[in-house]
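*Asks:* Next comes the sequence, and after it the predicted model I'd like to discuss.
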Amino acid sequence: MKRKWKAVALWMALILVIGSFPALKAKATPSDVLEKIKQAEEEKEQTEEEKKKAEEGKEQKEGHLGQLTIKQGDLKVQLNNLNSELSEASDNLTDVEGKIADKEAEIEKTLAEIEEARRIEDEQYEAMKKRFQASYETPQDTFLAILIGSTSFSAFLNNTDYLRMLADYDNKMLEKYRLAKEDVIAKEAVMEQEMAELEDLKAQIEAEHARISDAISTTTAYVAEYQAQINTANAEIAAYQADIEAREAEIKQQEEDIAALRAQYERELAMSREARNASWRNISEVSFEEGDRVLLANLIYCEAGGEPYDGKLAVGAVVINRVLSSRYPGTVSGVIYQPYQFSPVTSGRLGLALAEGWANGDCYSAADQAMGGASNVGNCLYFRTPLEGMEGIRIGNHIFY
C-alpha cells in the first residue's frame with residue numbers, strides 16, 4: 001500500500017512538472033482530423049443552409065418590392081390624373097368666375113337701363129299730364145279752342161286729326177317706353193336666373209376642386225407610405241445580399257479549410273502507416289517501470305471504463321503498441337503523457353483517477369494482459385468514437401485503427 005501511494009505521489013508530481021511547461025501546439029491524430037473534417041463539413045452545410053435561407057428571404061423580399069413598386073406606380077398614375085383633373089377644375093373655376101364677373105357687370109348695366117327706362121317713362125307720363133293740364137289752365141291752347149278756332153270744316157277735320165295724332169303719339173310713346181321697361185325687367189330676371197345657375201356651377205366646381213385636392217393629399221400620402229416601404233424593402237434586400245456574400249465568403253473559406261484538413265488527414269494517415277511499418281520491438285525488450293501498471297489501468301478506466309472487457313484490453317493494447325513502435329516514446333509513461341494524445345491527461349481526469357484510485361479489477365486485468373503482450377487489435381495505434389466512413393476494428397463504442 002505504501003508503495004502504491006508513493007507511485008501516486010510520483011505521478012502527481014510529474015503532472016505538476018509537465019503542467020508548469022508552456023503549452024505545446026496540439027498534434028492532432030488522424031482521428032482528430034477526421035472529426036474536424038466532419039465538424040467543418042457540418043458547419044459548411046449549416047452555412048449553406050443559412051445562405052439558402054438568406055437567398056429565399058431576398059427572393060421573397062424582391063417579390064414584395066415588385067408588388068410595392070407596381071402599387072406605387074399605379075398611385076403615381078392616379079396622382080397624375082388627379083392633378084390633371086384639378087388643373088381642369090381650376091380652369092373651369094376661373095372660367096366660371098369670369099362669367100360671373102361678366103354677368104354681374106351685365107346685370108349692373110341692365111339695372112341702369114331699367115332705371116333709365118323708368119325715368120323716360122316717367123318723363124313721358126309727366127309730359128302728357130302737363131299737356132292735359134295746360135289744356136284746362138289756358139283755354140286758348142286747349143283742344144276745344146283749337147277746334148272752335150277752325151275757320152272751316154276742313155280745318156276742323158284737320159285739327160281733329162292733328163289732335164288725334166298727338167294723342168296717339170303720346171300713347172304710342174308711353175306704350176313703347178312701358179314695353180321697353182318690361183323687356184329690360186324680363187331681361188334682368190333671365191340674367192338673375194343665369195347668375196344663380198353660374199353660382200350653382202361655381203359651388204359644384206369648388207366642391208369638385210376640394211374633393212380632388214383631398215384625393216391628391218390622400219394619394220400623395222399613400223405614395224410616400226409606399227416609398228417608405230420600398231426604402232425598407234431595399235434596405236432589407238441589401239442586408240440579405242450582404243449576408244449572402246458573407247455566407248459565400250464563409251463557405252469558400254470552409255471549403256479551403258476542409259481541403260486543408262483532408263490534406264492533413266492524408267499526411268497523418270501516411271504517418272500512421274509509416275508508424276506501423278517502422279521497426280517494432282518485442283515485448284520482451286520492454287522494461288516496465290514501477291507505477292506503469294497503475295498508470296495504464298487508470299488510463300484504461302478513463303478511456304474505456306464503461307466499455308466491455310475487450311474494449312478495455314484494446315485501449316491497453318494501443319498504449320503498448322506505441323511503446324513497441326520506434327515512432328513513439330519507449331515507455332508507458334512517455335506514451336501516455338505525450339502531449340495532446342490522450343484527452344484524460346489534458347483534462348486532468350487521469351490525475352484525479354490516479355489520486356482517488358478509480359481503476360477497477362477489469363482495468364488492472366486488461367493492463368496486465370496488454371503489458372504481457374496480448375492485443376486484440378493487432379498493431380493499431382489509434383482509437384476513437386466511430387466516424388462515418390472510418391475503417392478499423394469496432395469494439396464497443398470505439399473503433400481501433
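*Replies:* Received, thanks.
*Asks:* Just the mean pLDDT for the longest helix belonging to the chain, thanks.
*Replies:* The residue-count maximum for a helix in the chain (DSSP state H) belongs to helix 153-277. Mean pLDDT, helix 153-277: 84.
*Asks:* same thing with stretch 98-107?
*Replies:* The model assigns stretch 98-107 a mean pLDDT of 88.
*Asks:* What residues sit buried inside that stretch?
*Replies:* Buried residues in stretch 98-107, defined by neighbour count with 16 or more other Cβ atoms under 10 Å: 99-100, 103, 106-107. The C-beta positions use only the backbone N, C-alpha and C, and glycine is treated the same way.
*Asks:* Need the contact partners of it.
*Replies:* Identification of contacts with stretch 98-107 by Cβ atoms under 8 Å, 6 or more residues apart in numbering yields 188, 191-192, 194-195, 198-199, 202.
*Asks:* if we go to 6 Å?
*Replies:* 191, 195, 198 (Cβ atoms under 6 Å, 6 or more residues apart in numbering).
*Asks:* Look up the closest residue to the last one, ignoring the ones flanking it.
*Replies:* I take that to be L198. In space, and not counting its chain neighbours, L198 is closest to I100: 4.9 Å by Cβ to Cβ, 6 or more residues apart in numbering.
*Asks:* Which strand or helix spans that neighbour?
*Replies:* helix 30-137 (DSSP states H and E).
*Asks:* How far away from the center of its chain is that helix?
*Replies:* 32 Å (Cα atoms, centre = their mean, to the nearest Å).
*Asks:* Let me know the angle separating that helix from helix 153-277.
*Replies:* Angle of helix 30-137 versus helix 153-277, following axes from the mean of the first three to the mean of the last three Cα atoms, to 10 degrees, is 170 degrees.
*Asks:* Contacts only, for F342.
*Replies:* So F342 contacts nothing (Cβ under 6 Å, 6+ apart).
*Asks:* What does it show for phi and psi?
*Replies:* phi -120, psi 120 (degrees, to the nearest 10).
*Asks:* roughly how far apart are it and V315?
*Replies:* Using Cβ to Cβ, to the nearest Å, one obtains 9 Å as the distance from F342 to V315.
*Asks:* what do you get for G98?
*Replies:* 109 Å.
*Asks:* Looking at the contacts of stretch 98-107, which is nearest A278?
*Replies:* Using Cβ to Cβ, L198 comes nearest to A278 of the contacts of stretch 98-107, at 116.4 Å.
*Asks:* Can you report how many residues lie near the closest one?
*Replies:* 18 (other Cβ atoms under 10 Å).
*Asks:* show me the contacts for it.
*Replies:* So L198 contacts 99-100, 103 (Cβ under 6 Å, 6+ apart).
*Asks:* What number of neighbouring residues does N158 come out with?
*Replies:* Neighbours of N158 (other Cβ under 10 Å): 12.
*Asks:* ditto for A270
*Replies:* A270 has 11 nearby residues by other Cβ under 10 Å.
*Asks:* which residues sit in contact with it?
*Replies:* No contacts exist for A270 under Cβ under 6 Å, 6+ apart.
*Asks:* A242 and K252: what is the separation?
*Replies:* A242 is 16 Å from K252, by Cβ to Cβ.
*Asks:* ah, wrong one, I meant E192
*Replies:* Taken as Cβ to Cβ, the span from E192 to K252 is 88 Å.
*Asks:* Could you do N231 as well?
*Replies:* In terms of Cβ to Cβ, N231 sits 32 Å off from K252.
*Asks:* same question, N360
*Replies:* On the measure of Cβ to Cβ, N360 and K252 end up 51 Å apart.
*Asks:* Phi, psi for R384 please.
*Replies:* According to degrees, to the nearest 10, R384 has phi -170, psi 170.
*Asks:* give me the beta-bridge partners of it?
*Replies:* For R384, the beta-bridge assignment (DSSP bridges) gives partners I399.
*Asks:* what about it, how many neighbours?
*Replies:* R384: 19 neighbours (other Cβ under 10 Å).
*Asks:* A263 now?
*Replies:* Quick note: A263 (other Cβ under 10 Å) scores 11 neighbours.
*Asks:* Then F383?
*Replies:* 23.
*Asks:* hang on, it packs against H398?
*Replies:* Yes: with contact defined as Cβ atoms under 6 Å, F383 reaches H398; the gap is 4.8 Å.
*Asks:* ok, which stretches of the stretch 301-401 of the chain are helices?
*Replies:* Secondary structure of the stretch 301-401 of the chain, counting by DSSP state H, counting those that start in this stretch: helices at 309-324, 332-336, 343-347, 349-356, 361-371.
*Asks:* Averaged pLDDT, the longest one. What do you get?
*Replies:* Looking back up the chat, that one is helix 309-324. 97.
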